[in-house]
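>>> only geometry, no sequence info:
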C-alpha cells in the first residue's frame, strides 16, 4: 500500500511540474528561448527572412478574445521570442483608440499612413505596442515587442516583421 501511495504522489508531482512550465500567452517574456517555453503546443507555420512564425494551439485567452476572433502569431528570431502579432478583421478604429487610451492614457501616439492609422504606446520601459487600423477594410494588425531585443536582433533580419508598423 505504501508503494502505491508513493508512486501516486510521485506521478502527481511530475504532472504538477509539467503544468508549471506551460506557456502563458499573457506574459510578454520577450527574449526567452522557444525551447524553454514550448510545452508542445507551438506549431511552426512559416519561416521567412530569418524569422520563424508559430501558432500556439494550447490554452490561451487574451483580452482581445472577449470581443473578437483574433489570428495570433508568435515570431521567433534565433530561437528567441521576438514579437506577438495579432490580426483581427472588422474592427472599429475609434473603439481601438478608446481601448488604448483606457489602458495607456494620453500617451498613445497616432500617425496616418495612407489608408492606415497607426497607434503606438509603451506597455513598459522596454515593451512597445503598435496597432495598425485599415480605414477602408477595418482590418486591425498589432505587434507587441521588446524595443531592446528588436535593436539587438533586427539588424540581422532581411525583413523585420515589426517594420510594417513603423510607417
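Happy to help now that I have it. What you see is a predicted model, and the numbers here were worked out from it, not measured in a lab.

>>> what about stretch 135-154, start to end distance?
End-to-end span of stretch 135-154 (Cα to Cα, to the nearest Å): 29 Å.

>>> Show me which residues of that stretch are buried.
139-146, 149-150, 153-154 (16 or more other Cβ atoms under 10 Å). Any C-beta I mention is one placed from the backbone N, CA and C, and that applies to glycine too.

>>> Same question for stretch 101-116.
Quick answer for stretch 101-116 (16+ other Cβ under 10 Å): 104, 108, 116.

>>> The first one: helix or strand, and which one exactly?
It stands for residue 104. helix 93-104 (DSSP states H and E).

>>> Now do that helix: which elements does it pack against?
strand 116-122, strand 127-134 (3 or more Cβ pairs under 8 Å, 6 or more residues apart in numbering; DSSP states H and E).

>>> export the buried residues of stretch 101-116 to TSV and tack on distance to residue 160?
Shown next, in TSV, are the buried residues of stretch 101-116 (distance: Cβ to Cβ, whole Å):
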residue	distance to residue 160
104	23
108	22
116	17
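
>>> Out of the residues you listed, which is nearest to residue 70?
residue 116 (18.2 Å; Cβ to Cβ).

>>> Any figure for the gap between the closest one and residue 60?
27 Å (Cβ to Cβ, to the nearest Å).

>>> now swap in residue 41 and tell me
Taking Cβ to Cβ, one finds residue 41 at 9 Å from residue 60.
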